[in-house]
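A.B. asks: Got a predicted structure here, sequence first:
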Amino acid sequence: MTAFFASLGIGAFGSLLLYLVFRLLKSDWPTNYSDMKNVVDSASQRNAWVYVLLRFVPMYVVSVLVISLSEATGGQRIVALVACAVLHVLLTNFRPQILRKAFRPSRNRPRYLVAFGSSLTSILLATFFAARTWVYWIPVLPNPGELVQAIWTSIFVGMVVVLLRTVGSFEDNPKKRIERAKHDLGDELQRVIEIEARDNEVSVEFIRAIILTECIQRPRWIRRLERAKGLISGPGTYGVAQVTSPEPISDELSIKVLCANYAGYYPAGHDSNGYNHTLLRVRFEDHNPDPVFVEQATEIYNSLFPDLLDTSQTWANDGRKLIEVLSLNRRGSKWIIKMSLGPAWQGLQMTTLTRNHLEKSSNIEISPDNRFRRFAEVSLPVDVLRVEFDTVDVAMSNDEPDSLVIDLDDPYLD
């Protein structure tokens, strides 16, 4: 009986070690799936195997320690191992708030079920493999002295934590997160976003912000598991855009549904701030009311706009200035100006003034489809001192004409 209770105590000690390790890693995923502030969260979003590894390795290492301690003290290693595993499961997966979120019908239920099943499977496998393979670690296990055991355990756990931090290190740079999301999304789906946003006359930056945020929080492997789950349970949110559907749908169809849901929407412009931040957040909340999701989607939305050399004064209905100068560079004997024109206006007229005071007007070649923002590249001789761009041919708009003047002799352009 003494050996039994001693084994229970060793199992409880192992469970406490695991608790301290995961408190250090402080994993909130998927409870707060939009938060990117810890190691396990970021690892789970990058790769399914890294996430499983971060759940498996600590359990396996502590299980080996528990068995070695039990053997050294004459205890019952199976009792110690089971006690450690059961207590760890009760402190993690079977907490009441986790069970409620995993099995209560809700929008986020699939991701809770995925996390619940993955971590529980990792715990059980780690316990099983520790029971079968711990003997192979005997040559490197310490002698059963209490002091030596305590010191060795502390060092061992510390090394594991350092290793986990190295393996699961995450990027805290928003640009890197966005680039990772774009890579996960792929070029083909990004083209689908452009086409569907244009066809539904909705801000492509707004749609892209939602989808990139979903890609960060629901990487491809999670979406595949959700789709597999949907074959059994049916209704849920599916696809790269995470739209509600009675059955699993493709990423392309989810993008089409999202664009259709927001057809005709462009963030309202503000003369001082660019767009109405409050109203934009409200529209993000329509898709997902989670405050952290809204914050991250807003951050991504702002990052999608290029650094502009100059702009006109009037706001277009896509939340950007009507005329934008994206870049101005010299290429040989030419000025190369890259620019964009907002929706509603049919085209741009350009008037140039040279050093010889010769004035010339011409229309810029640009797509006539004024339902979305268009881009153009202008080539001018280096002897041009000044160029003026004017909107022409109003269509589908009651806005006043707009213009932009660039002084190419301005020393600040260098």
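C.D. replies: Yep, that arrived. Quick caveat: nothing in here was measured; it's all calculated off a predicted structure. Numbering: from 1, shown residues only.

A.B. asks: Quick one: neighbours of Leu358, just the number.
C.D. replies: A count of nearby residues for Leu358, using other CB atoms under 10 Å, gives 10. Backbone N, C-alpha and C define where each C-beta goes, glycine included.

A.B. asks: quick one, phi/psi of it?
C.D. replies: With angles defined as degrees, to the nearest 10, Leu358 sits at phi -90, psi 130.

A.B. asks: Which stretches in the stretch 301-414 of the chain count as helices?
C.D. replies: Here the stretch 301-414 of the chain has no helices by DSSP state H, counting those that start in this stretch.

A.B. asks: got any ranges where it has weak pLDDT?
C.D. replies: For the stretch 301-414 of the chain, applying pLDDT under 70 flags the ranges 319, 344, 369-371, 393-400, 410-414.

A.B. asks: Check the stretch 1-150 of the chain too.
C.D. replies: Counting by pLDDT under 70, the stretch 1-150 of the chain has low-confidence residues at 1, 23-48, 51, 93-112, 115, 142-150.

A.B. asks: Sketch out the helices for it, chain order is fine.
C.D. replies: Using DSSP H, counting those that start in this stretch, the helices of the stretch 1-150 of the chain run over 2-25, 39-46, 48-72, 77-91, 96-103, 109-133, 146-167.

A.B. asks: for Val114, what are its contacts?
C.D. replies: Shown in contact with Val114 (CB atoms under 8 Å, 6 or more residues apart in numbering): Pro30, Ile222, Leu225, Glu226, Lys229.

A.B. asks: ok, so of these, who is nearest Lys321?
C.D. replies: Ile222 (37.8 Å; CB to CB).

A.B. asks: helix or strand right after the helix or strand containing the closest one?
C.D. replies: Assigned by DSSP states H and E, Ile222 falls within helix 220-233. Scanning forward in sequence from helix 220-233 by DSSP H and E, the next helix or strand is strand 236-238.

A.B. asks: same for that following strand, what does it pack against?
C.D. replies: The contact analysis (3 or more CB pairs under 8 Å, 6 or more residues apart in numbering; DSSP states H and E) places strand 236-238 against helix 109-133, helix 220-233, strand 243-245.

A.B. asks: so what strands line up beside the last one?
C.D. replies: The one in question is strand 243-245. According to DSSP bridges, strand 243-245 forms sheet pairs with strand 236-238 (antiparallel).

A.B. asks: Tell me the predicted confidence for the residue nearest the centre of the chain.
C.D. replies: Closest residue to the average C-alpha location of the chain: Ile216 at 1.9 Å, with CA atoms, centre = their mean. Note on Ile216: pLDDT of 87.
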